[in-house]
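S.K.: How does the following fold in three dimensions:
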Amino acid sequence: MTEVLEYKCPACGAPLVFDGGSQNMDCAHCGNNFAVSDLREYAAAYDTGDAVCDWGDCPRESGVWAEAEQENLHLATCPSCGGELIGEAQTIAAECPYCNNMMILSGSVAGRLRPDFVIPFRLDKAAAIAALRAFYRGKLLLPRLFREQNQLERVSGVYVPFWLFDCDTGARISYKATRVSSRSDANWNYLTTKHYHLLRAGEVSFARVPVDGSRKIDDTLMEALEPFDYGQIRPFAPSYLSGFRADRFDVEAAESEKRVNERIRNSTRALFDETVRDRSYSAYQAESVNIRLNRGRISYALLPVWLLNTRYGDKAYLFAMNGQTGKFVGRLPVSRGKFWAWFFGLFLGLSGVGALALSLAAGFI
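M.R.: Below is the predicted model of the structure:
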């Protein structure tokens with residue numbers, strides 16, 4: 001049976017033609033030639049298929065609550081939003097930090113999945129309130145009445161549940177790149193374009209990639225609070241909950257796998273892209289990407305977050321501060337009046353500059 005060879009040039013991407021005399025594959029576009037065996041190895045090594053980690057088979061560190069811990073901690077379920085929080089046994093009632101509804105702490109924390117780790121709070125409630133005030137400053141489109149009349153209804157220190165994923169990645173990525181240069185002489189301008197075929201391969205280890213384990217908080221909001229300093233992570237102990245609440249996860253680790261695979265693949269790709277970008281090519285493009293995740297491990301951690309609930313008019317606003325680093329995030333209202341005043345002011349200003357330029361140009365004609 002005749003073997004049909006169909007390959008593209010690794011250097012420029014043009015079709016290759018088999019040359020019977022040399023027994024190689026020739027590129028009519030850039031003039032390169034390749035041995036068939038080399039092209040087969042290249043195609044096998046740089047298969048574009050990816051393999052994600054089977055997190056279901058990964059070891060998990062989470063243990064069970066000790067009997068003494070069950071006696072000193074209670075579990076509460078908010079009847080409004082369904083949130084489950086863990087608090088000290090002597091706390092009888094508390095407001096839900098997510099919806100401000102009153103909840104009674106009466107259940108038991110008995111069961112599996114005691115947190116493995118915790119990052120303790122370093123910043124207090126006063127620091128969170130000060131950060132909110134500072135967050136207002138410099139926001140030109142913020143309504144004046146929001147600064148003056150918004151009511152700070154609740155400031156809650158909450159340990160938010162996170163799944164932490166560890167894994168190794170092996171990546172092989174091929175790129176097509178160009179570098180353009182120019183020169184001139186007395187008669188001609190010369191533009192030279194050089195084409196490159198780049199191969200990158202290596203391994204990257206990821207430790208404690210976080211994925212929010214609570215449905216009640218927007219994942220985008222929680223990711224905006226990153227990074228946490230994992231150098232300060234500690235083995236979990238109930239004493240860290242004194243004066244705070246701990247949200248109980250309601251997103252299983254299995255539900256977080258798609259998100260963590262996406263984050264790890266994007267981070268790996270960005271690291272490899274940077275090695276090409278640093279070489280000052282005029283342009284580059286990945287031709288094939290192969291990223292494989294393996295040797296995964298999952299742990300369960302509580303990370304410190306201050307939640308601040310404010311109300312302006314009939315609308316509630318939720319802000320969050322990283323209780324370890326002080327990073328502050330949230331969405332502010334926009335004054336429509338200020339927005340349109342700014343827009344038309346900018347438009348009229350640019351129109352005035354354009355008219356002045358036209359008049360000056362007309363004066364020189």
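S.K.: Surely Leu307 touches Asn322?
M.R.: No: using C-beta atoms under 8 Å as the test, Leu307 is too far from Asn322 to be in contact (11.4 Å). All C-beta atoms are positioned from the backbone trio N, CA, C, and that covers glycine.
S.K.: check contacts around Ala224.
M.R.: Ala224 sits next to 327, 329 when contact means C-beta atoms under 8 Å, 6 or more residues apart in numbering.
S.K.: what's around the closest residue to Asp166 other than its chain neighbours, how many residues?
M.R.: Setting aside the residues directly before and after it, Asp166 is nearest to Arg297 in space (C-beta to C-beta, 6 or more residues apart in numbering), at 4.3 Å. The local packing of Arg297 (other C-beta atoms under 10 Å) involves 16 other residues.
S.K.: now swap in Tyr230 and tell me
M.R.: Residues near Tyr230, counting by other C-beta under 10 Å, number 15.
S.K.: From Glu84, how far out is the residue nearest to it when sequence neighbours are not counted?
M.R.: Closest residue to Tyr230 apart from its sequence neighbours, by C-beta to C-beta, 6+ apart: Arg208 at 5.2 Å. Arg208 sits 24 Å away from Glu84, going by C-beta to C-beta, to the nearest Å.
S.K.: what's downstream of the longest strand that the chain contains, the next helix or strand?
M.R.: For the chain, the longest strand by residue count, based on DSSP state E, is strand 151-184. Using DSSP states H and E, the helix or strand that directly follows strand 151-184 along the chain is strand 189-212.
S.K.: Show me what counts as buried in the helix or strand just after that following strand.
M.R.: The helix or strand immediately downstream of strand 189-212 is helix 219-224, counting by DSSP H and E. Neighbour-count burial for helix 219-224, counted by 16 or more other C-beta atoms under 10 Å, picks out 221-222.
S.K.: Specify the beta-bridge partners of Arg245.
M.R.: Under DSSP bridges, the beta-bridge partners of Arg245 are Val158.
S.K.: How about the contacts made by Arg122?
M.R.: Arg122 neighbours (C-beta under 8 Å, 6+ apart): 232, 304, 323-325.
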